[in-house]
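**Student:** below are the sequence and a predicted model; questions follow.
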Amino acid sequence: MRAQDHLLRRMMQPSLPLLIWGVHFFFCYFIAAEQLRFGKAATLWLLACASLLALGWLAVLCWRALRRLHAGGNISLLHWAGAACAMLGAVGVLLSCLPMLLLWS
């Protein structure tokens, strides 16, 4: 199999954390805008569950990227970008939890 056949898989490694962050961001602000329809308690539970799910997924991606970096061998820029984007995505998800904190008060 040629190297070009694995292009999508290789490009998803650094971009998947940013995609998770973007989906979480959209979901949080959509649910916060629809608070009156769902109710405050249900909204808080939805936001908390979505945030924990996104953070868990990002933690797994970050762990895999850091494990690849510490394994040695042939380390490329994609490995560094995967680890950095996973950490950036986790920070972004934490900052996207601000609607949950605003609804809590």
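**Tutor:** Great, that's in hand.
**Student:** now do the buried residues in the helix or strand of the chain with the lowest mean pLDDT.
**Tutor:** Least confident element among the helices and strands of the chain, by mean pLDDT, DSSP states H and E: helix 98-104 (a mean of 72). Across helix 98-104, burial judged by 16 or more other Cβ atoms under 10 Å covers 99-100. For glycine as for every other residue, the C-beta is placed from the backbone atoms N, C-alpha and C.
**Student:** packing partners for it?
**Tutor:** If contacts are counted by 3 or more Cβ pairs under 8 Å, 6 or more residues apart in numbering; DSSP states H and E, helix 98-104 sits against helix 7-33, helix 40-70.
**Student:** nearest to L102, out of those?
**Tutor:** Closest of the helices and strands packed on helix 98-104 to L102 is helix 7-33, at 7.4 Å (criterion: Cβ to Cβ).
**Student:** taking helix 40-70 as reference, get the angle to the closest one.
**Tutor:** Using axes from the mean of the first three to the mean of the last three Cα atoms, to 10 degrees, the direction of helix 7-33 lies 160 degrees away from that of helix 40-70.
**Student:** can you give me the offset of helix 7-33 from its chain's centre?
**Tutor:** 6 Å (Cα atoms, centre = their mean, to the nearest Å).
**Student:** elements contacting it?
**Tutor:** Looks like helix 7-33 contacts helix 40-70, helix 77-96, helix 98-104 (3+ Cβ pairs under 8 Å, 6+ apart).
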